[in-house]
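Colleague: what follows is a protein structure lacking sequence information:
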Ligand SMILES: [Zn+2]
């Protein structure tokens, strides 16, 4: 009999870790990390690496890959991912160790060993691990990302992982329709809300940038280094602004990987153009001039927890001509959330006189999207993960009422028997 164990992301956002087990083998999908308010890592439930037939990393976000080196300290279970996911995961894990290495039970050596022993696979390529088979499907979330279809003991399980069903500059919509499965495990990050139409948000974002720059201000756009930052660059490149645009931090390094894996980028030409035409900050000299003239600065990190975006914030926050435009999810207790909620920046509590706005450029499926996705496939049961309980309850209610499906909301440590 097959079963699914939720080792992480049960009734919480992040820390993804889903184990599918059967008599034919076991497959761990993701092994991510969350951080508490003091930046201590929170790992998923323990699993014995030697018991695993294989490990799949669905995409290169820390909440999906950040704990994976724990599995590679002694034994080395087989690891699978797309080539782009592996490349960006290496950058992310090295950066995580650089920032918080003292709190982590592994080092760069473990990461490099793990990644160099991995097998790269493409979408729809079937992998047979003996009695268990799986393949990656296009999930539309970020470049290189995948959903996973697993078959073991005559049961089929789809794990969407983070998924998106709308078109963005970097990605096309997920390709999961027509599937027939016993269980679909779907993310519910935005289970209780719907995003405004993307074109509307992009237009409003661009107009707001224009207002700031043309009145002589600097617009700081703090971005996640993986995907959101490159999406913002493409939105700009498509409209060809006549302003100075600076790009700073890991967002630049990841963009260079994206350019090497062109097949994963929907509007590759836009990203190539942005990287060709915009000013890439190469050091302190550039950084000191970037904020002195009107223009746009696209900089990591997205929640202003560190990186160059924090450096610029301190220098532009007090001038009302300037702006801070947030485009990513702002976690509880982060400086970004604090600015939105209180108008104050950082522990020193600098009053932010710059214009502050948040734009919904999410790469996660919303409530209407989940309903549409589930209608497009045949699934006997649904399990919601990667969401807050409030969002999950709202989504579960709608799925039950509109689709008549059995919906579960497993907690971390729960098992679903199939
Ligand atoms: Zn993600």
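Modeller: That came through, no problem. Values in this document were obtained by computation on a predicted structure and should not be read as measured data. Residues are numbered from 1 along each chain as shown.

Colleague: what residue is smack in the middle of the chain?
Modeller: In the chain, the residue lying closest to the centroid (Cα atoms, centre = their mean) is residue 61, at 4.7 Å.

Colleague: where does residue 97 land in three-state SS?
Modeller: helix (DSSP: H, G, I helix; E, B strand; the rest coil).

Colleague: leaving out chain neighbours, which residue sits closest to it?
Modeller: residue 108 (5.7 Å; Cβ to Cβ, 6 or more residues apart in numbering). C-beta coordinates here come from the backbone N, C-alpha and C atoms, glycine included.

Colleague: can you name the residues of the stretch 51-200 of the chain that neighbour the ion?
Modeller: Within the stretch 51-200 of the chain, the positions adjacent to the ion are 61, 162 by Cβ under 5 Å from the ion.

Colleague: tell me where the stretch 51-200 of the chain has helices.
Modeller: For the stretch 51-200 of the chain, helices defined by DSSP state H, counting those that start in this stretch occupy the ranges 62-65, 83-100, 108-116, 198-214.

Colleague: which residues sit against the first one?
Modeller: Outside of helix 62-65, the residues within contact range by Cβ atoms under 8 Å, 6 or more residues apart in numbering are 9, 13-16, 30-34, 57-59, 85, 89, 92-93, 96, 161-162.

Colleague: let's see 7 Å
Modeller: 14-16, 30, 32-34, 57-58, 89, 92, 96, 161 (Cβ atoms under 7 Å, 6 or more residues apart in numbering).

Colleague: widest-spaced pair of those?
Modeller: Pairwise distances across the contacts of helix 62-65 (Cβ to Cβ) peak at 19.4 Å, for the pair 96 and 161.

Colleague: and among the helices of the stretch 51-200 of the chain, the most buried is which?
Modeller: Of all those, helix 62-65 has the most neighbours on average by mean count of other Cβ atoms under 10 Å, namely a mean of 25.

Colleague: for the helix or strand hosting residue 254, give the mean pLDDT please.
Modeller: Assessed by DSSP states H and E, residue 254 sits inside helix 250-260. Helix 250-260 comes out with an average pLDDT of 96.

Colleague: so where is the chain shaky, pLDDT-wise?
Modeller: 347-348 (pLDDT under 70).

Colleague: okay, now the domains of it?
Modeller: 3-193+363-417, 198-358 (automatic domain parsing).

Colleague: now do the same end-to-end measure for the longest one.
Modeller: Think domain 3-193+363-417. Domain 3-193+363-417 has an end-to-end distance of 4 Å (Cα to Cα, to the nearest Å).

Colleague: what of the shortest one?
Modeller: Distances were taken as Cα to Cα; on that basis the terminal residues of domain 198-358 are 14 Å apart.

Colleague: what about it, distance to the chain center?
Modeller: 17 Å (Cα atoms, centre = their mean, to the nearest Å).

Colleague: closest residue of the stretch 1-150 of the chain to the ion?
Modeller: Nearest residue of the stretch 1-150 of the chain to the ion (Cβ to the ion) works out as residue 61 at 3.6 Å.

Colleague: for the nearest residue to that residue once chain neighbours are set aside, phi and psi?
Modeller: Using Cβ to Cβ, 6+ apart and skipping the chain neighbours, the partner closest in space to residue 61 is residue 226 (6.2 Å). Residue 226 adopts backbone torsions of phi -110, psi 110, taken as degrees, to the nearest 10.

Colleague: before we move on, what about the one 3 residues further on?
Modeller: Backbone torsions for residue 229, taken as degrees, to the nearest 10, come to phi -60, psi -40.

Colleague: and if you look at residue 219?
Modeller: phi -110, psi 110.

Colleague: burial count for it?
Modeller: 26 (other Cβ atoms under 10 Å).

Colleague: contact partners for it?
Modeller: 209, 212, 213, 296, 323, 325.

Colleague: beta-bridge partners for it, please?
Modeller: residue 296, residue 323 (DSSP bridges).

Colleague: what's the distance between it and the ion?
Modeller: 26 Å (Cβ to the ion, to the nearest Å).

Colleague: what does residue 341 give?
Modeller: Applying Cβ to the ion to residue 341 and the ion gives a distance of 24 Å.

Colleague: same thing with residue 220?
Modeller: 23 Å.

Colleague: wait, that residue touches residue 312, no?
Modeller: Yes - if you go by Cβ atoms under 7 Å, residue 220 and residue 312 touch, sitting 5.0 Å apart.
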